[in-house]
Structures are given as structure tokens and as C-alpha cells.
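S.K.: coordinates only, sequence not included:
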């Protein structure tokens, strides 16, 4: 379920049928675990897990739940269920009540997207009618550990001239005014502009950049802009 928001419900049950269930501590026979998606967390990010002990009738039982994890990629608070990414890797956690445990819940822990950078000049000048237009490269980087952040989305959006006011004469390479590109192994995403055939481009085009962390927070550096000026 990587990249999908929502709740994953996992229920651990003792026994095979309701009539003959073996009761555990406090009459608990199952644990329903709620995991807010996606099942990926960045180093330093936290996610709140929750669990509901169930009796043989499927009703909630007020028995405390303990959380455990044996993987160094993440830590989990045994009492609250708050999981925090520690290092890139795979982390498995489990809710327990006495000897009863839920299924293992696996999270991918990835390097954090700590900054979005424009690679090279942000203000570019282009001659009208030029056969090729300059690339607009960006780099997504992590500080923990230091290095590029691959396979993550960067959003390019033409904000000026306002595409809602008039049909654009200049688009991104995809033909759209907004495009989402994945960073490569070097953390770089890039596109270029395309002038419609026979059209006269505006004096300038502004392309805004933004990126999000896996759980929705904006990456620092979002909001930066390329300004592409067209001259005779």
C-alpha cells in the first residue's frame, strides 16, 4: 500500500471459530490494528498506530496494549504506539496483549527529503524561435543520511502567465502546465518548456516547484521558481 493514504486494519485472532475461541488476558481473543497509510515513513518522521483489543463477540475490551519492534530501522513507543523512523531499511512492529500478538506490520523506512534545490541558474534567457529550450533541473536531497533522494515526486507548475486566464502558448515537456516527475538515482528531476507551433511566447514564463514528504509535509525549498525570459 505504499503511497496510498488510508487505514489498514489487521486483526489477530486466537482459535478458528467464535464458539470455541480461547480467551487471552482480560478475555481478549483478537487485536484490531489501525495503521494510517502509506506504509512508508521517512527517517525522523513519526506515525501514530492504534490497536483495539476484542473479545469473542467482537466488542472492545479495555485491556492495555503493548507495542514491540525488534528492527533498528524504527523505534516504537511501547505504551503509545508512536512509530518513528530511525534509519533506512525495513521495520516490523506488533501490537500485543499478554501472549496474544497481532500480525507483524511492516514499514519501509526511507531517507528523508530534507531539501529541494534548483540545479544551476533559476533565471534563464531564451531566444524566440530557438530550436531547443534549456532544461529545468531540480535535486531532492537528504541530510540523514547525506545524499540524493531517488524515486520521489517533484511537481512542476507553470504559474505565469496564468493558464486559467488564457490557453497557454508555452507548456512543460509533457504538454501540460502541471507535471509530476520522479527523481532519478541521483535525486534529480528535470523537464523543459515547449512553445506551441506557430505561437509567440510571452515575455517570460514562471515555473514553480514543490515536493512533499511521504506523509504530506512540504519539503523545504518548495515554492522556488524558474523564470524563463524570451527575447527576440
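M.R.: Done, it's in. All values reported here derive from a predicted model rather than from experimental measurement.

S.K.: Quick check: pLDDT value at residue 10.
M.R.: Each residue has a pLDDT score; the one for residue 10 is 48.

S.K.: domains for this protein, by residue range?
M.R.: 7-110, 115-231 (automatic domain parsing).

S.K.: which one of those domains has the lowest average pLDDT?
M.R.: domain 7-110 (a mean of 83).

S.K.: for the helix or strand encompassing residue 124, which positions count as buried?
M.R.: Secondary structure assigned from DSSP states H and E places residue 124 in strand 123-127. Neighbour-count burial for strand 123-127 flags 124, 126 (criterion: 16 or more other CB atoms under 10 Å). Where you see a C-beta, it was placed from the backbone N, CA and C, and this is true even at glycine.

S.K.: which element follows that strand toward the C-terminus?
M.R.: strand 138-143.

S.K.: Pairing partners for whichever helix or strand comes after that next one, with directions?
M.R.: Proceeding N to C from strand 138-143, the next assigned helix or strand is strand 146-148, under DSSP H and E. Strand 146-148 pairs in its sheet with strand 138-143 (antiparallel), by DSSP bridges.

S.K.: Just give me how far the partner strand sits from the chain centre.
M.R.: 14 Å (CA atoms, centre = their mean, to the nearest Å).

S.K.: Go through it and flag the buried ones.
M.R.: Buried residues in strand 138-143 (16+ other CB under 10 Å): 138-142.

S.K.: ok, these vs residue 163, which is closest?
M.R.: residue 138 (20.4 Å; CB to CB).

S.K.: residues in contact with the residue nearest the centre of the chain?
M.R.: Central residue check for the chain by CA atoms, centre = their mean: the C-alpha nearest the mean position is that of residue 214, 2.0 Å away. Shown in contact with residue 214 (CB atoms under 8 Å, 6 or more residues apart in numbering): 38, 40-42, 45, 110, 113.

S.K.: which one of these has the most neighbours?
M.R.: residue 113 (27 neighbours; other CB atoms under 10 Å).

S.K.: Helix or strand: which one has that residue?
M.R.: Here residue 113 is assigned to no helix or strand, by DSSP H and E.

S.K.: Next one: it, what pLDDT does it get?
M.R.: 97.
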